[in-house]
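K.L.:
Whatever this is, show me its structure:
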Amino acid sequence: MQVYNPMPLELKVSNMSVLAEGGALEAFPASLSLPAESGPYPVNLLSCPHAAGDINIVGYSMTVLGVKSQCRFRDIPQFKQHKYAVKVVPALPKLQLQTSLAKSATFTSMADSGSIISSGSLSLYAGQSHDCAVVLTNISTLQISELLVTLDSKLSKQKSSAFFTWDDEQLQKSLPLEPESSTNLTLHITAIADFLLQDSILADVDTSRGDISRSTSRCGSRKGSTASFSGFSETYPMKTVEALLKFEYSGGPGMDAEHFRECSVSLHVEVQSSLLFTKWDVLPAEVPSMCYLVFDLLNTTDQEMEVYYSTDRCMLIEAEETTRIPYQVERCPLDKVTELTTAGDSIEHICRQHVASLVDIRWQCPALDIAGFASIAEIPWSESMVDLIRMSPIEWEILLNGQLYVANAEISYSVGEMVRIAVNINAHTDFFEDDITLNIQCYQDHQNGVLDYMPLDKFSFEGSRLIHITQAELHQQYQHHCSLLFFCSGQYKLDVFCSSKTIQQDSSPSTIHTWKCTPVIDVSIAE
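P.N.:
Numbers count the residues shown, from 1 in each chain. I've put the predicted structure just below:
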């Protein structure tokens, strides 16, 4: 209620309590002092019912200036109702919650906050984990027989279930919880993030021929300040995750009547940036069933960081420095792609999940005594990258001068010797919606980042190296023949691939989809 003092003198009000009808109600009188001609003042009148049933609140009683008065709502014009009906349910147990975390300095912004009886705040680096102990104490005289734990947050359901986890089965084993007894719930908190630099922009640049150590990545670089750690928070802003850990419980006579209580813990987790992917690429490996994922990693902390990857490899990254790592993974099998695309998933999503399940990158900061992981689950892959991640829908068979080419075999010929090339193609036609183009390219890699595709004074093709193949031809084994004559000695590379878009002879590949014969064929020409 809200009360006013219209009198020109201070009023001392004592024994102010609720007037009720219909049931046993224990009142807890309140006393207050009201300055002259002041108000409104809020007043909370407390009472406790002793039995289940219906109770009507009809007014209040008080003592003012030594006179005891009973004020009923029906006699006070300000009250629109003459009584307020309260239904008292059978007795229920009461739960007290405490956490091992520091109490939150700010109140939650979550909508359903009326049941909060405890709070906890925590600061973590992205990828870092922490175990929080939640102590549940039965402070009533009734046992708790049923207990349901749920989580409410603004994160997606998938991220929320990864961010906060607990062992519900172990908690259920502690039931029933007897009066004045406690049990512990271990809440595992993992700072989930996308691990991507905010200004990274995916650019569809074909770098699939490049060497791993020299590959040009397909993403924009960061724009961060390098002045001091105080600037890190502006360059790599901290993210806040709020959640409510809710407990619904019941027991005693109230459970028989299908009633329950609800209480919750407000959680406030600050997530600081740790390790970020600034650039990424996909390159063919030496084995056709494998590929390389190449990442540029940025250490956003103010301390030296150790990065562990590929089972037994370790890389040291200084504060706010970037390094590049290659990660070899198995390509996504075609049967997996077929199965999941039939179920409605996109090929990019399937390949993203596939590589995310294979890549394990972990970091450690010895100076801060913290450790965590970095996930690639949110990295977007371009169409050309996806074509390298999934297994090629084309099975290749290449013969050089009648000899079947074996991956990584040493091949050498002499200047002036005609090299006859036969390419046999077996295609999984379910993956092709259009006609394709077969392209055979010969070039020199000068080992300095320069690839010379058209050294006409060094070799010459006999026959076509660019062939259009219709869908009808793809349903049967397709074969193409051409020859290559070298005029100068040196190291050459043969690149054989198919694309879903016609490629001009005077340009390097720029296609919607490209399927390569991997690895690239190395040819040594002697005098």
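
K.L.:
Can you check which helix is longest in this protein?
P.N.:
helix 347-358 (DSSP state H).

K.L.:
packing partners for the next helix or strand after that one?
P.N.:
Per DSSP states H and E, the first helix or strand lying C-terminal to helix 347-358 is strand 361-365. Strand 361-365 sits against strand 305-309, strand 370-374, with contacts defined as 3 or more Cβ pairs under 8 Å, 6 or more residues apart in numbering; DSSP states H and E. No exception for glycine: its C-beta is placed from N, CA and C like everyone else's.

K.L.:
do you know which of those lies nearest Asp387?
P.N.:
Of all those, it is strand 305-309 that lies closest to Asp387, at 23.9 Å by Cβ to Cβ.

K.L.:
Run me through the strand neighbours of the next helix or strand after the closest one, direction for each.
P.N.:
Next in sequence after strand 305-309, counting helices and strands by DSSP H and E, comes strand 313-317. Strand 313-317 pairs in its sheet with strand 305-309 (antiparallel), by DSSP bridges.

K.L.:
and the strand it pairs with with strand 361-365, angle?
P.N.:
Here strand 305-309 points in a direction 160 degrees away from that of strand 361-365 (axes from the mean of the first three to the mean of the last three Cα atoms, to 10 degrees).

K.L.:
by how many degrees do strand 305-309 and strand 370-374 diverge?
P.N.:
Using the same axes, to 10 degrees: strand 305-309 against strand 370-374 is 40 degrees.

K.L.:
And the longest helix of the chain, what does it pack against?
P.N.:
Helices and strands touching helix 347-358, by 3+ Cβ pairs under 8 Å, 6+ apart, are strand 322-330, helix 334-342, helix 383-389.

K.L.:
again, only this time at 10 Å
P.N.:
Judged by 3 or more Cβ pairs under 10 Å, 6 or more residues apart in numbering; DSSP states H and E, helix 347-358 is in contact with strand 290-299, strand 322-330, helix 334-342, helix 383-389.

K.L.:
Okay, buried residues for the first one please.
P.N.:
Under the neighbour-count criterion of 16 or more other Cβ atoms under 10 Å, strand 290-299 has Cys291, Tyr292, Leu293, Val294, Phe295, Asp296, Leu297, Leu298, Asn299 buried.

K.L.:
Now render those as CSV, adding pLDDT and distance to Tyr125.
P.N.:
Shown next, in CSV, are the buried residues of strand 290-299 (pLDDT from 0 to 100; distance: Cβ to Cβ, whole Å):
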residue, pLDDT, distance to Tyr125
Cys291, 92, 30
Tyr292, 94, 28
Leu293, 95, 23
Val294, 95, 24
Phe295, 95, 18
Asp296, 94, 19
Leu297, 94, 14
Leu298, 94, 13
Asn299, 94, 11
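
K.L.:
Point out where the stretch 351-500 of the chain drops to low pLDDT.
P.N.:
Counting by pLDDT under 70, the stretch 351-500 of the chain has low-confidence residues at 429-433, 455.

K.L.:
just the strands in it please.
P.N.:
361-365, 370-374, 394-400, 403-404, 411-414, 418-427, 436-445, 451-452, 459-462, 466-469, 478-486, 490-499 (DSSP state E, counting those that start in this stretch).

K.L.:
Name the strands paired with the first one and say parallel or antiparallel.
P.N.:
The strands that strand 361-365 pairs with in its sheet are strand 305-309 (antiparallel), strand 370-374 (antiparallel) (by DSSP bridges).

K.L.:
cool, and the fourth one?
P.N.:
Sheet neighbours of strand 403-404, with direction, are listed as strand 394-400 (antiparallel) (DSSP bridges).

K.L.:
what's the angle from the strand it pairs with to strand 436-445?
P.N.:
Using the same axes, to 10 degrees: strand 394-400 against strand 436-445 is 50 degrees.

K.L.:
Report the angle between strand 394-400 and strand 490-499.
P.N.:
Going by the same axes, to 10 degrees, strand 394-400 makes 150 degrees with strand 490-499.

K.L.:
buried stuff in strand 394-400?
P.N.:
In strand 394-400, counting by 16+ other Cβ under 10 Å, buried: Ile394, Trp396, Ile398, Leu400.

K.L.:
how about CSV for those residues, with distance to Leu9 added?
P.N.:
Listed next are the buried residues of strand 394-400 as CSV, based on distance: Cβ to Cβ, whole Å:
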residue, distance to Leu9
Ile394, 98
Trp396, 102
Ile398, 107
Leu400, 112
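
K.L.:
related to what we said a few turns ago, with mean neighbour count as added columns, please give the helices and strands packed on strand 361-365 in JSON lines.
P.N.:
JSON lines is the format used below for the helices and strands packed on strand 361-365 (neighbours: other Cβ atoms under 10 Å):
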{"stretch": "strand 305-309", "mean neighbour count": "19"}
{"stretch": "strand 370-374", "mean neighbour count": "19"}
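
K.L.:
Of those, give the one that comes closest to Asp452.
P.N.:
Taking these one by one with Cβ to Cβ, strand 305-309 is closest: 33.8 Å.

K.L.:
what's the offset of that closest one from the middle of its chain?
P.N.:
20 Å (Cα atoms, centre = their mean, to the nearest Å).

K.L.:
contacts for that strand?
P.N.:
274-275, 295, 297-299, 313-319, 321, 323, 325-327, 359-368, 370-371, 373-374 (Cβ atoms under 10 Å, 6 or more residues apart in numbering).

K.L.:
now do 7 Å
P.N.:
If you take Cβ atoms under 7 Å, 6 or more residues apart in numbering as the criterion, strand 305-309 is touched by 275, 297, 299, 314-317, 325, 327, 361-365.

K.L.:
which residues in the stretch 1-150 of the chain form strands?
P.N.:
2-5, 11-21, 25-28, 30-34, 38-42, 46-49, 53-64, 67-72, 84-88, 95-99, 116-125, 129-138, 146-153.

K.L.:
Kindly reformat these as CSV and extend each row with mean pLDDT and mean neighbour count.
P.N.:
Below are these laid out as CSV (pLDDT from 0 to 100; neighbours: other Cβ atoms under 10 Å):
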stretch, mean pLDDT, mean neighbour count
strand 2-5, 88, 14
strand 11-21, 91, 16
strand 25-28, 87, 14
strand 30-34, 91, 15
strand 38-42, 88, 12
strand 46-49, 90, 13
strand 53-64, 91, 17
strand 67-72, 92, 12
strand 84-88, 90, 13
strand 95-99, 94, 18
strand 116-125, 93, 19
strand 129-138, 96, 17
strand 146-153, 94, 17
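
K.L.:
Save those strands as TSV, and put in distance to Ser109 too.
P.N.:
Shown next, in TSV, are the strands of the stretch 1-150 of the chain (distance: least, Cβ to Cβ, whole Å):
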stretch	distance to Ser109
strand 2-5	28
strand 11-21	34
strand 25-28	33
strand 30-34	32
strand 38-42	24
strand 46-49	29
strand 53-64	33
strand 67-72	40
strand 84-88	31
strand 95-99	19
strand 116-125	12
strand 129-138	20
strand 146-153	11
